[in-house]
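Undergrad: need coordinates for the following:
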Amino acid sequence: MAKYRVTLTAAERTELEHLVSAGKGAARKLTHARILLLADLSRSHGHPDEDIVAALHTSLRTVERVRQRLVTAGLQAALNPRPQPPRPDKIKIQGDIEQRLIHLACSDPPEGRCHWTLNLLADELVALGLVRAVSTETVRQALKKTISSPGSSTPGASHPRRTPNTCGAWKT
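TA: Now for the predicted structure:
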């Protein structure tokens with residue numbers, strides 16, 4: 001990987017020093033500022049990446065990434081973390097699909113099986129065309145959310161127990 005040379009202007013260096021000395025801000029932003037200050041070639045010969053990693057307790061890849069972002073995108077891009085890409089709807093199993101999953105999990109398992117496994121349930125949801133793809137962890141979380149005991153009227157609730165008489169007196 002090509003090594004990007006960090007050369008800060010006086011104004012950039014002053015801004016970073018002020019940011020670090022104030023100590024207020026996101027930890028990642030402060031760490032990136034310290035990386036840039038230590039890697040700066042304009043003030044000194046700059047520290048090797050391994051020394052920066054040891055001094056700041058960060059990874060070599062983080063140091064390389066911060067250097068690269070400073071050179072290619074500027075100081076603000078190097079300091080501030082990039083926004084995460086938009087994610088699809090986080091909950092894949094909800095509503096009608098959740099009801100079908102519960103109904104499926106409570107039904108008889110396929111031939112040759114004694115019970116449903118998470119893999120079987122995930123594969124069956126895909127085979128039925130309810131979802132395009134689903135992991136076993138997603139199926140597990142959906143089922144965990146709906147745990148109920150057969151004799152309970154309230155799903156997921158434990159049966160209330162009578163509290164013992166703590167005063168030591170006989171019950172009459």
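
Undergrad: SS state for the spatially most central residue of the chain?
TA: Most central residue of the chain, judged by C-alpha distance to the mean C-alpha position with CA atoms, centre = their mean, is Q84 at 11.2 Å. Classification of Q84 using DSSP: H, G, I helix; E, B strand; the rest coil returns coil.

Undergrad: elements contacting the lowest-mean-pLDDT helix or strand in the chain?
TA: When the helices and strands of the chain are compared on mean pLDDT, DSSP states H and E, helix 136-145 comes out lowest with a mean of 88. For helix 136-145, the helices and strands in contact under the criterion 3 or more CB pairs under 8 Å, 6 or more residues apart in numbering; DSSP states H and E are helix 96-106, helix 118-127. (Each C-beta comes from the backbone N, C-alpha and C, glycine too.)

Undergrad: with L60 as the reference, name the closest of those helices.
TA: helix 118-127 (37.6 Å; CB to CB).

Undergrad: outside of that closest one, which residues touch it?
TA: 93, 97, 100-101, 104-105, 109-110, 113, 131-136, 138-140, 143 (CB atoms under 8 Å, 6 or more residues apart in numbering).

Undergrad: buried residues, stretch 42-55. List them.
TA: G46, H47, D49, I52, V53 (16 or more other CB atoms under 10 Å).

Undergrad: show me what counts as buried in the least confident helix or strand of the chain.
TA: T138, V139, A142, L143.

Undergrad: what about the nearest residue to the third one once chain neighbours are set aside, which SS state?
TA: Distances taken as CB to CB, 6 or more residues apart in numbering place I93 nearest to A142, at 4.1 Å, with adjacent residues excluded. With three-state DSSP as the basis, the three-state label of I93 is coil.
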